[in-house]
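Q: got a structure for you, letters missing:
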């Protein structure tokens with residue numbers, strides 16, 4: 001155990017020395033997502049684009065080793081200790097991380113994205129309105145199932161604001177219809193578990209004829225589980241984000257549609273915003289601190305155009 005502690009201390013010291021050396025010439029700005037997934041690749045591309053326009057800053061993208069609040073908190077603490085001038089974070093669990101985020105905000109510039117933590121002392125939130133995005137998914141669902149449906153929803157972190165607000169928006173949109181949400185199954189951003197949740201539903205809830213993917217990887221795991229069970233195309237699938245499997249399902253008609261965010265813009269605008277704030281300009285921040293980047297509804301009619309635009313943004 002002692003060797004592990006010493007090794008950790010040495011690693012932290014090396015990280016501090018590395019960023020400290022950079023900070024002598026350039027301020028370091030860091031984007032910290034809530035976990036590793038294909039979804040964040042577009043945000044990485046946005047940060048890379050911002051770097052081209054901010055040569056006096058060192059822009060970094062740091063994934064936590066695990067999608068756990070404690071792990072993410074340690075990463076941010078290490079970044080603060082290493083001298084990071086600004087951090088933009090998608091908190092794993094804003095409610096339990098409020099104190100930790102407040103501590104970060106007391107030492108460095110803090111912005112939030114994807115899932116807000118308004119009580120943390122963050123200067124601004126840059127991301128989607130998850131309630132409005134949820135309403136868009138609800139509209140897709142109403143069009144696909146005008147006579148009603150029994151839906152199961154799947155999500156990584158049901159307590160996170162983004163998940164809670166998306167569900168709120170969906171429920172608002174389907175109110176007064178014959179569409180019901182039977183339950184919400186959580187997976188803690190474990191994709192194997194996400195797939196098992198779908199497989200369990202097929203066995204335990206054979207009356208479910210609609211599945212909602214709330215996080216970016218949920219529709220792909222729904223798709224794989226349904227495909228293996230021979231149920232693809234027999235159950236209505238919709239939800240969020242632009243994983244390649246999701247877009248492929250929309251194109252072939254096995255996914256009714258998806259609502260996509262613009263993480264590229266979060267990365268790009270977030271880095272540019274932090275630089276402006278550090279240079280003394282906060283005039284562009286709305287009074288409520290919410291900088292909303294619109295979401296888009298993707299269906300079979302526009303999926304090809306969107307996929308082409310996404311590849312261009314990601315430099316593929």
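A: Happy to help now that I have it. These numbers come from a predicted model, not from an experiment.

Q: mind listing what residue 85 touches?
A: By Cβ atoms under 8 Å, 6 or more residues apart in numbering, residue 85 lies in contact with 23, 27, 28, 29, 57, 108, 109, 274, 278. (Each C-beta comes from the backbone N, C-alpha and C, glycine too.)

Q: tally of neighbours for the fifth one?
A: A count of nearby residues for residue 57, using other Cβ atoms under 10 Å, gives 21.

Q: so how far is residue 185 from it?
A: Per Cβ to Cβ, to the nearest Å, residue 57 is found 41 Å from residue 185.

Q: go on, the last one?
A: Counting by Cβ to Cβ, the separation of residue 278 from residue 185 is 42 Å.

Q: so for those two, which sits in the more crowded spot?
A: Shown here are residue 278 and residue 185; by other Cβ under 10 Å, residue 185 has more neighbours (20 against 15).

Q: where do the helices sit along the protein?
A: Assigned by DSSP state H, the chain shows helices spanning 2-23, 41-53, 69-81, 94-105, 130-144, 161-174, 191-204, 218-229, 244-252, 263-278, 303-313.

Q: excluding chain neighbours, what is closest to the spatially most central residue of the chain?
A: Central residue of the chain (Cα atoms, centre = their mean): residue 114, 5.0 Å from the mean position. Distances taken as Cβ to Cβ, 6 or more residues apart in numbering place residue 90 nearest to residue 114, at 3.7 Å, with adjacent residues excluded.

Q: can you count the residues close to the one you found?
A: Neighbours of residue 90 (other Cβ under 10 Å): 25.

Q: repeat that for residue 243.
A: Residue 243: 23 surrounding residues under other Cβ under 10 Å.

Q: what residues does it make contact with?
A: So residue 243 contacts 38, 39, 216, 217, 219, 220 (Cβ under 8 Å, 6+ apart).

Q: most neighbours, which of the residues you listed?
A: Busiest of the contacts of residue 243 [other Cβ under 10 Å] is residue 219, holding 29 neighbours.

Q: pLDDT score assigned to the closest residue to it other than its chain neighbours?
A: In this structure, residue 219 finds its nearest non-sequential neighbour in residue 213, 3.5 Å apart by Cβ to Cβ, 6+ apart. Residue 213 is assigned 98 on the pLDDT scale.

Q: now residue 229
A: 98.

Q: now for it, how many residues are close by?
A: Residue 229 has 14 nearby residues by other Cβ under 10 Å.

Q: what sits against it?
A: Taking Cβ under 8 Å, 6+ apart, we find residue 229 in contact with 199, 202.

Q: any idea how far it lies from residue 191?
A: Going from residue 229 to residue 191 by Cβ to Cβ gives 17 Å.

Q: next: residue 89.
A: From residue 89 to residue 191 the distance is 22 Å (Cβ to Cβ).

Q: which one's more surrounded, the two?
A: Higher neighbour count among residue 89 and residue 191: residue 89, with 31 against 16, using other Cβ under 10 Å.

Q: OK, contacts around the nearest residue to the more buried one once chain neighbours are set aside?
A: Leaving aside its sequence neighbours, residue 89 sits nearest to residue 32 (Cβ to Cβ, 6+ apart; 4.4 Å). By Cβ under 8 Å, 6+ apart, residue 32 lies in contact with 62, 63, 64, 72, 75, 76, 79, 87, 88, 89, 90.

Q: from what I can see the second one touches residue 31, true?
A: Put plainly, it is residue 63. No: counting by Cβ atoms under 8 Å, residue 63 stays clear of residue 31, with 9.6 Å between them.

Q: mind putting the contacts of residue 243 in TSV, pLDDT and distance to residue 166 included?
A: Shown next, in TSV, are these (pLDDT from 0 to 100; distance: Cβ to Cβ, whole Å):
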residue	pLDDT	distance to residue 166
38	79	19
39	83	14
216	90	12
217	94	14
219	98	13
220	97	17
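
Q: name the nearest of those relative to residue 238.
A: The closest of those to residue 238 turns out to be residue 219 (Cβ to Cβ; 7.9 Å).

Q: quick check: that closest one touching residue 235?
A: No: Residue 219 lies out of contact with residue 235 (Cβ under 8 Å); the separation is 12.0 Å.

Q: give me the common contacts of the two.
A: Common neighbours of residue 219 and residue 235, using Cβ under 8 Å, 6+ apart, do not exist here.

Q: mind listing what the residue nearest to residue 239 when sequence neighbours are not counted touches?
A: Using Cβ to Cβ, 6+ apart and skipping the chain neighbours, the partner closest in space to residue 239 is residue 213 (3.3 Å). Contact analysis of residue 213 by Cβ under 8 Å, 6+ apart lists 154, 219, 220, 221, 222, 237, 238, 239, 240, 241, 246.

Q: can you check residue 251 too?
A: Contacts for residue 251 (Cβ under 8 Å, 6+ apart) come out as 300, 303, 304, 307.
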